[in-house]
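Enquirer: Next come a sequence and a model predicted from it.
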Amino acid sequence: MPIFHPSLTTPPIFEGGVLQGSDLHFTYPDGNAALRGVSLKLSAGEKVAVVGPNGAGKSTLMLNLNGILEGRGQIEVGGMRLAPENLPAIRAMVGLVFQNPDDQLFSPTVFEDVAFGPLHMGLPEQEVRARVDAALEAVRMSAYRERLSHHLSIGEKKKIAIATVLSMQPGILILDEPTSDLDPRARRTLINLLRELPITMLVSTHDMRMVKELFPRTIVMDEGRIVADASTMEILENETLLNAHGLEKP
């Protein structure tokens, strides 16, 4: 099992590709086909952006990659196939941070929120406390451990939401619109944090300035399909591609 710790200088390594999705399809009960044959592969240490217009299927893809939603196709993480018997292990390996941090923060204090995952893994108290300390240190929120989660700013809540996932020691971090609703200072703080985290990362975002600054590789989605997957600079220089899929050059 890959181990995350803020003192790591290299990301956790799985054998082969970290994450691979092959021919993924997902249709909602109302008949909306949100994924139409999506295939992608992330290698260890990559930081990859997923961009596209609203309704492109980005969030649906994220929810499929750790089994919250289940469609057709095959997903493997570290060589382990996503299947019911492997679901707890996959969810521990693929940490998902939702767009709205209030979807992840429901305990009275920051400490309890960050400790929730390790506690439900059945870890001993000493290990839980060590994981909470390491996760809060990683997001520079150690001084907030006894604060009330619902009293925090949106930027602070987003960092604590990331800590709740890091305390599970995942090998991959998936984030959905991490900079949405942030003021410029909080946005800059979060971008710096994401840059420094030594972990494989897949991020869905509309923040094209962040994409240019932070992610060497970009995947463009539209209408449930991947329409481009290339270096970020190649994507950003292709104005025809950007215009066709509702994206602006930063």
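Expert: Perfect, thanks for sending it.
Enquirer: Counting neighbours, which bits of stretch 232-250 end up buried?
Expert: For stretch 232-250, burial by neighbour count (16 or more other CB atoms under 10 Å) applies to 232, 235, 236, 238, 241, 242, 245, 247. Any C-beta I mention is one placed from the backbone N, CA and C, and that applies to glycine too.
Enquirer: so can I have TSV of the residues you listed showing distance to residue 86, pLDDT and secondary structure?
Expert: Formatted as TSV, the buried residues of stretch 232-250 follow (distance: CB to CB, whole Å; pLDDT from 0 to 100; DSSP: H, G, I helix; E, B strand; the rest coil):
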residue	distance to residue 86	pLDDT	secondary structure
232	32	97	helix
235	33	96	helix
236	37	96	helix
238	38	96	coil
241	36	96	helix
242	38	96	helix
245	34	96	coil
247	35	95	coil
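Enquirer: In those, find the pair that's most separated.
Expert: Greatest spatial distance among those (CB to CB): 232 and 245, at 14.8 Å.
Enquirer: Tell me how many other residues crowd residue 155.
Expert: 19 (other CB atoms under 10 Å).
Enquirer: what's the answer for residue 116, then?
Expert: There are 19 residues near residue 116, going by other CB under 10 Å.
Enquirer: which element is it on?
Expert: Element membership for residue 116 (DSSP states H and E) is helix 110-120.
Enquirer: what element comes up after that helix heading to the C-terminus?
Expert: helix 125-138.
Enquirer: Can you list the neighbours in contact with that following helix?
Expert: With contact meaning CB atoms under 8 Å, 6 or more residues apart in numbering, helix 125-138 is reached by 4-6, 110-111, 114-115, 118-119, 123, 142, 144-145, 163-164, 166-169, 197.
Enquirer: what sits against residue 81?
Expert: Taking CB under 8 Å, 6+ apart, one finds 74, 75 in contact with residue 81.
Enquirer: Ignore what I typed, I meant residue 184.
Expert: No contacts exist for residue 184 under CB under 8 Å, 6+ apart.
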